[in-house]
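J.: Could you work out the structure for the sequence below:
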Amino acid sequence: MNPHKSFRIAVVGAGPVGLAFALQAARALPGCELQLFDARALDGQRSADARVLALNLGSVQQLQRLGAWEPARAEPILEVSVSQVAPGRTDLRLRAAELGQPLLGAVLPYGDVLQPLEQAWLGLSSPRLASRGGQKVTELKTLADGRIELDAGVAEAFDLVVLAEGGLFTEQAPRPWRRDYGQTAWIGTLRLATSWPRGLAVERFTRQGPLAVLPLPDDAAGRRASLVWCTAADEAPQQLSEARLRALLPACAQAVQGIEGALKPFPLGLNAQPRLVQGRLLRIGNAAQALHPVAGQGLNLGLRDAHQLVSCLRDGGSLDAALARFERQRQPDRLALLGTTDGLARVFTGEGAALGLAREAGLRLLQALPPLRGALARQLMFGWR
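T.: You can find the predicted model right below:
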């Protein structure tokens, strides 16, 4: 396949992963026709979605290359503290400065990731690019010649359909690799005192599930952070008090001024496809895998899917050969991250002295061996390379 040869691509889902793929493909595949479908209108306005996203350094660099990164909207992560709730606990520290990097990643609201990407896409002007906002895809069918017929009110055939519309764990149809963790992630905003170190993210493993505090840009009221508090699914929200939160963050308790507003619940699970490619139908991002947020890597994995897919399509050969190469090249990174997040979600949750000692031993090993700690940090920043 000559990269300048004309073929038709439909991208279903105009979230960050779908938009990142569409933008890169529009620039790298000048002979291809691209149509971007989404059930919502594509108008470049800021989304009201309250979710907060943690991007690793590789994702930040990818958005910078796409011209879709606004640093003023993001708070850099300069240091990560990882520990469990236990006497004599080890506080594992990952620092950008020790790795020779300007930052480990950044935190920002979902709308501040989506809007620059959508505006960059809408800013492209070409008859071969089309935005199909407000058009929900209702049916996909493989034709005899291998193309995919897509129905969004009118049936059209495409050489390749990229599914990038995933939804939340509870909204998805069951996939072959599925695990319900029996946990709920409670998402909200913390108010912090100025004594909280700038750029510090905290991950605490409790018996009920992980607890994360991710720094956000200041607003008019001062310092703040995103709270991701994972608990047993049957835990009542009134049990998630500020006093309990401070008890789980003893070293930082004085800097936590309080929870702002109500916490919102999101049930947690793993739901993944073993293979990304089925004929000319391909899945990336949450359409391929929903992960536990324990390491904050779901969107980062999806953005790497998008980047690698464009690279394979650009490199030449037949379309089917390019898709087979994409499947082969993505597997190590995908499987490593799926295994890591699933293992962390299970091993770092639960009762028992033996389990607590095993968790502590793992953290101490990482703290004592800088090369191993650095390898872990680089995988979190850039994925499997």
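J.: hey, let's count contacts and neighbours off CA atoms from now on
T.: OK.
J.: contacting residues around residue 257?
T.: Taking CA atoms under 8 Å, 6 or more residues apart in numbering as the definition of contact, the neighbours of residue 257 are 190, 191, 192, 193.
J.: now with 10 Å?
T.: If you count contacts by CA atoms under 10 Å, 6 or more residues apart in numbering, residue 257 has them with 190, 191, 192, 193, 223, 224, 242, 246.
J.: Make sure I have this right: residue 63 is in a strand.
T.: No. The secondary structure assignment for residue 63 gives helix rather than a strand, going by DSSP: H, G, I helix; E, B strand; the rest coil.
J.: Excluding sequence neighbours, find me the nearest residue to it.
T.: Counting by CA to CA, 6 or more residues apart in numbering, the nearest residue to residue 63 once its immediate chain neighbours are dropped is residue 69, at 5.3 Å.
J.: State whether the one you found and residue 16 are indeed in contact, as I suppose.
T.: No. With contact defined as CA atoms under 10 Å, residue 69 does not count as touching residue 16 (11.9 Å).
J.: In terms of neighbours, single out the busier of the two.
T.: Ranked by neighbour count (other CA atoms under 10 Å), residue 69 and residue 16 place residue 16 first, with 25 against 21.
J.: before we move on, what SS does the residue nearest to that one when sequence neighbours are not counted have?
T.: Take residue 16 and drop its neighbours on the chain: the residue closest to it by CA to CA, 6+ apart is residue 114, 5.5 Å away. When classified by three-state DSSP, residue 114 comes out as helix.
J.: And the pLDDT for residue 114?
T.: If you check residue 114, the pLDDT there is 96.
J.: For the stretch 51-200 of the chain, just list every one of the helices.
T.: Listed in chain order, the helices of the stretch 51-200 of the chain (DSSP state H, counting those that start in this stretch) span 57-65, 110-122.
J.: Could you identify which of these is most buried?
T.: Sort the helices of the stretch 51-200 of the chain by mean neighbour count, taking mean count of other CA atoms under 10 Å, and helix 110-122 sits at the top with a mean of 21.
J.: Tell me the helices and strands packed up against that one.
T.: The contact analysis (3 or more CA pairs under 10 Å, 6 or more residues apart in numbering; DSSP states H and E) places helix 110-122 against helix 16-28, strand 52-56, helix 57-65, strand 129-133.
J.: for those, which one sits closest to residue 101?
T.: Distance to residue 101, taken as CA to CA, is lowest for helix 57-65 among the helices and strands packed on helix 110-122, at 8.8 Å.
J.: Determine the set of other helices and strands touching the closest one.
T.: Under the contact criterion of 3+ CA pairs under 10 Å, 6+ apart, helix 57-65 touches helix 16-28, strand 105-109, helix 110-122, helix 298-314, helix 370-382.
J.: any chance of those in a markdown table, plus distance to residue 329?
T.: Converted to a markdown table, the helices and strands packed on helix 57-65 look like this (distance: least, CA to CA, whole Å):
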| stretch | distance to residue 329 |
| --- | --- |
| helix 16-28 | 17 |
| strand 105-109 | 24 |
| helix 110-122 | 25 |
| helix 298-314 | 8 |
| helix 370-382 | 15 |
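J.: Indicate which one of these is closest to residue 92.
T.: Residue 92 lies closest to helix 370-382 among the helices and strands packed on helix 57-65, at 8.9 Å (CA to CA).
J.: Does anything pack onto that closest one? Which helices or strands?
T.: Applying 3+ CA pairs under 10 Å, 6+ apart, one finds that helix 370-382 contacts strand 52-56, helix 57-65, strand 92-95, strand 105-109, helix 298-314, helix 319-347, helix 353-368.
J.: At the geometric centre of the chain, which residue do we find?
T.: By CA atoms, centre = their mean, the mean C-alpha position of the chain lies nearest to residue 299, the distance being 1.8 Å.
J.: From residue 319, how far off is it?
T.: Residue 299 is 26 Å from residue 319, where distance means CA to CA, to the nearest Å.
J.: try residue 123
T.: Spatial separation of residue 123 from residue 319 under the definition CA to CA is 28 Å.
J.: Comparing the two, which shows the higher neighbour count?
T.: The residue with more neighbours, out of residue 123 and residue 319, is residue 319; 19 against 10, by other CA under 10 Å.
J.: quick one: residue 262 and residue 186 touch, right?
T.: Yes. With contact taken as CA under 10 Å, residue 262 and residue 186 are classed as touching, separated by 9.3 Å.
J.: low pLDDT regions in this protein?
T.: Along the chain, the parts satisfying pLDDT under 70 run over 1-5, 86-88, 348-359, 361-362, 384-385.
J.: what about residue 174, how many residues close to it?
T.: Burial measure for residue 174: 14 neighbouring residues, criterion other CA under 10 Å.
J.: mind checking which helix or strand the nearest residue to it once chain neighbours are set aside is in?
T.: Counting by CA to CA, 6+ apart, residue 271 is the residue found nearest to residue 174 once chain neighbours are left out, at 6.7 Å. In this structure, residue 271 is located in strand 256-272 according to DSSP states H and E.
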